[in-house]
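**Q** I'll drop the sequence and a predicted model, then ask my questions.
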Amino acid sequence: MKFNTKAIHGGQHDIDPAYGAVMPPIYQTTTYAQATPGGHKGFEYSRSANPTRTALERAFASIENGNYGLAFGSGLAAIDAVMKLLKPGDEVIATSDLYGGTYRLFTKIFEGFGIKFHLVGMENATAVESYINTKTKLIWVETPTNPMMNIIDIKKVATIAKKHKVLLAVDNTFATPYLQQPLEMGADIVMHSATKYLGGHSDVVMGALIIKDKKLADKLYFIQNASGAICGPQDSFLVLRGLKTLPIRMQRHCENGKIIAEYLAMHPKIEKVYWPGFESHPNHNIAKEQMKDFGGMISFVTKGNNYKDAIKIVENLKIFTLAESLGGVESLAGHPASMTHASIPKEEREKIGIVDALIRLSVGIEDADDLIADLKQAIG
């Protein structure tokens, strides 16, 4: 089954037995009748499993070519579950250019529980190996990274991880499984903030994990059930619906992203544009090899690296909405230093390129000419 077909039918084995519903119904129930203690039809309590959520989890597994999927109340809840595989004294090697919420979870929560994090620039994948020791249990990768659009060679990092018997988890939120499938390149765990492209309509908050190995999946299922950070059936229904249009949405995101990136690169008031589709991007060839296309996420800095200019631009946008998040059908603009990455200390932000004049765009599926006209009037 090819991807476009999987997005609609993948993991969906049964027409609903009650009335033949084509779409999995929303099972808005907490509990399920049992004929005898322990004698049920596969569901007993909706924290442990719910038919609508199960349908979504099967779909997650299908589109990432995994065997097991888990849906959580948010992307950070999904990351939290992965971190609970660890114990005090364990060490994690993570991408230095991390989403601010991931950075906060790692450094403000799990460091306090005795887990050590090494934040490493992974653009040269071989740099990872020098940080591995007997306490290393996990490598955490984002690619493309948020918001600097750095590209990390998943296959190379996976080779290093396997050599040292270390788990590799990849945050695939920016690329989506339409563009990139980390499990096929050797990752052990794939994470998504399904709030973003998988849901696709900015109307639900959710996280996902996808795994191939049963033993690892069982550990994560136990954590999911024991910790209880699950999503509800209504949210599951919305994301399952979103998955069905993921391929066509991503095609337009990529088309518009290319047009906007090229426009910004030629603009006399723009200093630098970060987008992996440019041949000048340091790891463009890796992006070309491991991704189907280059996505709709773009970051840029104004000439002179002026904070006030950046704020003026995002405040003047009319079609792009100044807002947190990304991956919806509508175009969004953000100021990472004061919004998504404000939890990272300024000195640390600037080391990885998140300067106060950086603007991040999530390019939607509107008409590209209208988006360019909006940027033109806002930049001046």
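**A** Yes, it's here. Residues are numbered from 1 along each chain as shown.

**Q** from here on, contacts and neighbour counts on C-alpha atoms
**A** OK.

**Q** Low-confidence ranges, the chain, go.
**A** Applying pLDDT under 70 to the chain flags the ranges 13-14.

**Q** need the strands for it, in chain order.
**A** 68-72, 91-95, 116-120, 136-142, 167-171, 189-193, 207-211, 270-274, 297-302, 321-322, 332-334, 358-362 (DSSP state E).

**Q** name the helices or strands packed onto the first one?
**A** Counting contacts by 3 or more CA pairs under 8 Å, 6 or more residues apart in numbering; DSSP states H and E, strand 68-72 is packed against helix 51-63, strand 207-211, helix 214-227.

**Q** any chance of the ones you listed in CSV, plus distance to Phe278 and mean neighbour count?
**A** Formatted as CSV, those follow (distance: least, CA to CA, whole Å; neighbours: other CA atoms under 10 Å):
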stretch, distance to Phe278, mean neighbour count
helix 51-63, 27, 24
strand 207-211, 30, 28
helix 214-227, 37, 15
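
**Q** how about these, which one is nearest Ser299?
**A** Among the helices and strands packed on strand 68-72, the nearest to Ser299 by CA to CA is strand 207-211 (23.8 Å).

**Q** how much does the longest helix seen in the chain deviate in direction from strand 297-302?
**A** For the chain, the longest helix by residue count, based on DSSP state H, is helix 246-266. Interaxial angle of helix 246-266 relative to strand 297-302 (axes from the mean of the first three to the mean of the last three CA atoms, to 10 degrees): 20 degrees.

**Q** Of all the helices and strands packed on strand 68-72, which one comes closest to Lys318?
**A** Using CA to CA, the nearest of the helices and strands packed on strand 68-72 to Lys318 is strand 207-211, at 29.8 Å.

**Q** and the closest one, which strands flank it?
**A** Applying DSSP bridges, strand 207-211 is found paired with strand 68-72 (antiparallel), strand 189-193 (antiparallel).

**Q** Now tabulate the ones you listed in a markdown table and tack on distance to Arg252 and mean neighbour count.
**A** A markdown table is the format used below for these (distance: least, CA to CA, whole Å; neighbours: other CA under 10 Å):
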| stretch | distance to Arg252 | mean neighbour count |
| --- | --- | --- |
| strand 68-72 | 26 | 26 |
| strand 189-193 | 20 | 27 |
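
**Q** right, and those - which one's nearest Phe110?
**A** Per CA to CA, nearest to Phe110 of those: strand 189-193, 17.9 Å.

**Q** Just the residues contacting the closest one, thanks.
**A** 74-76, 78-79, 167-173, 176, 182-183, 205-212 (CA atoms under 8 Å, 6 or more residues apart in numbering).

**Q** Just send the strands of the chain back as CSV, with distance to Ile8 too.
**A** Formatted as CSV, the strands of the chain follow (distance: least, CA to CA, whole Å):
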stretch, distance to Ile8
strand 68-72, 16
strand 91-95, 33
strand 116-120, 38
strand 136-142, 26
strand 167-171, 23
strand 189-193, 18
strand 207-211, 18
strand 270-274, 32
strand 297-302, 25
strand 321-322, 30
strand 332-334, 27
strand 358-362, 24
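
**Q** of all those strands, which lies closest to Ala161?
**A** With CA to CA, the closest approach to Ala161 among the strands of the chain belongs to strand 167-171: 6.3 Å.

**Q** Taking strand 136-142 as reference, get the angle to that closest one.
**A** Calculated by the same axes, to 10 degrees, strand 167-171 forms an angle of 20 degrees with strand 136-142.

**Q** from now on call the first residue 531
**A** Okay, using 531 as the starting number, the last item reads as strand 697-701.

**Q** Quick one: list the elements packing against strand 697-701.
**A** Checking 3+ CA pairs under 8 Å, 6+ apart, strand 697-701 ends up next to strand 666-672, helix 684-693, strand 719-723.

**Q** Strand partners (parallel or antiparallel) of that strand?
**A** So strand 697-701, judged by DSSP bridges, has these partners: strand 666-672 (parallel), strand 719-723 (parallel).

**Q** Now distance to Glu801 too, for those strands, in JSON lines please.
**A** JSON lines is the format used below for those (distance: least, CA to CA, whole Å):
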{"stretch": "strand 666-672", "distance to Glu801": "25"}
{"stretch": "strand 719-723", "distance to Glu801": "30"}
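
**Q** Between those, which one is closest to Glu845.
**A** strand 719-723 (26.4 Å).

**Q** Centre of the chain to the closest one, how far?
**A** 6 Å (CA atoms, centre = their mean, to the nearest Å).

**Q** Equivalent analysis for stretch 890-908, please.
**A** With CA atoms, centre = their mean, you get 23 Å for stretch 890-908.

**Q** Now do the buried residues in that stretch.
**A** Under the neighbour-count criterion of 16 or more other CA atoms under 10 Å, stretch 890-908 has 890-896, 898, 901-902, 904-905, 908 buried.

**Q** repeat for stretch 767-783
**A** For stretch 767-783, a neighbour-count test (16+ other CA under 10 Å) marks 767-777, 779-783 as buried.

**Q** Might one say that Glu621 is in contact with Lys665?
**A** Yes - if you go by CA atoms under 8 Å, Glu621 and Lys665 touch, sitting 5.5 Å apart.

**Q** When these two are compared, which one has more neighbours?
**A** Glu621 (23 against 13; other CA atoms under 10 Å).

**Q** ok, now how distant is the more buried one from Ile645?
**A** Taking CA to CA, to the nearest Å as the measure, Glu621 falls 6 Å from Ile645.

**Q** Over to Asp733?
**A** From Asp733 across to Ile645, the span is 34 Å (CA to CA).

**Q** And Glu672, by the same measure?
**A** 20 Å.

**Q** Thr584 now?
**A** Per CA to CA, Thr584 is found 32 Å from Ile645.

**Q** same check, this time on Thr675
**A** Plainly put, Thr675 is 23 Å away from Ile645 if you go by CA to CA.

**Q** Good, wrapping up.
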